[in-house]
Each structure stands twice: as structure tokens, then as C-alpha cells.
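*Asks:* here you go, sequence then predicted model.
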Amino acid sequence: MKPAQILMVIMIVLGAVTGSTLATVAYLNRRQSRVINPNPLVLFKGGSGTPNSSFEKPITLQKKQNNSEFTQFRQRFLESVKRRDANFIRAISTPQTQWSRSGTIDIETYKIDDSQSNFWQAMEKAVGAGCTIERNANVAEKDADSDVWVCPDMALSPISNAAGQAQVGILGENVNVRSQPHTRSDIVVVLSKELVQFDTENFTNLPVRQQESINDIEGWTPVILNDGKRGWVQNRFVYYETRDYRVSFVRSRGQWRLRYFLRGGGN
């Protein structure tokens, strides 16, 4: 092959490589420049709407809870729940602890000695999502200088609207709504303490296995946003009143006690 022909081949190869590289860079730049809607529809005052790529993990406490005795207790409580420490739960329970509104069941009904009992996931979800002070609670034998706490922190009422459409509450700040039920999918929007509609149609079309996983803390709930878009939220950030639990704690005689573990409003 003549030198001129060799040079021509080299130039063609270099041109192809350069073109491929530029195309790849352009594609990556397009992906990185995708902008998540910075102004999601807000029913209740929440965060700034900034996406949080790590927001498939437990929610942190609100600032108002920092440095309080309850914050320290809550941390110990969550650690015991993750260990499935049934003795700790029994130690903070009293004869006055409510396990149902009817009073027909007790702590043993929840089979807390079984580490696979649904009790543990329900408790972790309720308390892990943050707590708030219950201002008007009338509790006997409460320490005078202590507040009554309820978890999760749900400033969303009512959970079902007048039309009877099932609604769910989004727990916490900056929760990702994803296009598919996994953390690798695109973020549709970011919500903070809002009400959205449960996507009954999407749920009905799911395979049976996925329908069954909707109650698991690591499962996913299909939702319809206020602008009509559809998405998925990890269950640990979703409060569905007819399914999920509320938990209340009170300090009595210097010790934190479990006041109730009830499905729904709990009041």
C-alpha cells in the first residue's frame, strides 16, 4: 500500500473515532442536563422540591426534635425495632397501652417474638418517618414537663376526599416519585408532605406478586399526581390510613412508654 493510501486510511479511522466520541459526550450532556420540575404542585407547605438521589432511605428527624429527650429515646427505639427486640417493646408497654380501639387484642396478638411478624415493619415505618407533638392529648399519669408524641408526623387531613377516591399521604420532605417501581427509574417529581391519589387502575393491572408486595416497607405504591401524571413511591414514604399504623409515646414517672399502636388515625 502506498504511503498516501496509508495516510488516507489513518485519517478515516481518526475521523470515525472522533465522531463517536463527540456523539457520546453529547448524549451524556443531554442526560446530565435533564431538569426535574423545580416547582411541583404543593397542597401543603413542604420543601424546595430539590431532587434527592438517596431518598430511598429513612427520613431524618425535623429540626424541632433535635436535642430533645424524645429524640434520644426515638433513636434507641428504632435500633431495638431493627434488632427485632421483643423484650424492649414489652418493657415500654403498660396495661394501659392500646393495641386496638376495641380492646379485644393485646401485644401477643402481633406475635412480636417472630422476627418476620408484620408488626416490625409497621412499627419501623411509623416511627422512622418522623414524629410530632400531639398538643391536645389528655393523658393520665403524664410527666408534667413532657409532651405526648405521635408518629408518623402527618399534617394531612383528611386522607380520603369527598368523591371517595382513595388518597395517600407522602411522608417527609423531598420524596422522589419515580416513573417505575425501582430506584433506577427516572424521577417524575419530588414531593413533600402532600396528598396524592392512589392509582387503582395501575394497581389492578399489576401481577399478583407485585400487588402482594404493596404492603411491604420496601415495596412501591402507584400514585396519580395532581397534574394527572402517574408514578411510584416507595412504601416507607407512603401513609395509607386504612392500612398503616400510628404510634404514640408518653413519658410517665421518668420513663418513656408506648401509649398506643393503632391502625389509622389512632385518636
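*Replies:* It's in. What you see is a predicted model; the values in this text were computed from it and never measured.
*Asks:* could you measure from the residue nearest to residue 111 when sequence neighbours are not counted over to residue 150?
*Replies:* Leaving aside its sequence neighbours, residue 111 sits nearest to residue 117 (C-beta to C-beta, 6 or more residues apart in numbering; 4.6 Å). All C-beta atoms are positioned from the backbone trio N, CA, C, and that covers glycine. When distance is defined by C-beta to C-beta, to the nearest Å, residue 117 is 22 Å away from residue 150.
*Asks:* repeat that for residue 246.
*Replies:* Going from residue 246 to residue 150 by C-beta to C-beta gives 6 Å.
*Asks:* follow-up on the earlier one: tally up the residues packed near the residue nearest to residue 111, please.
*Replies:* By other C-beta atoms under 10 Å, the residues close to residue 117 number 15.
*Asks:* how about residue 179?
*Replies:* 13.
*Asks:* got the buried residues for stretch 128-148?
*Replies:* Within stretch 128-148, the residues that count as buried by 16 or more other C-beta atoms under 10 Å are 128-132, 134, 139, 142, 146-148.
*Asks:* same deal with stretch 188-195?
*Replies:* Buried, per 16+ other C-beta under 10 Å, within stretch 188-195: 188-195.
*Asks:* and for stretch 110-120?
*Replies:* By neighbour count with 16+ other C-beta under 10 Å, stretch 110-120 contains the buried residues 110, 112, 119-120.
*Asks:* hang on, residue 167 is in a helix, isn't it?
*Replies:* No: counting by DSSP: H, G, I helix; E, B strand; the rest coil, residue 167 falls outside a helix, being strand.
*Asks:* so what's the closest residue to it other than its chain neighbours scoring on pLDDT?
*Replies:* Leaving out its chain neighbours, the residue that sits closest to residue 167 by C-beta to C-beta, 6+ apart is residue 195, at 5.0 Å. On pLDDT, residue 195 comes in at 89.
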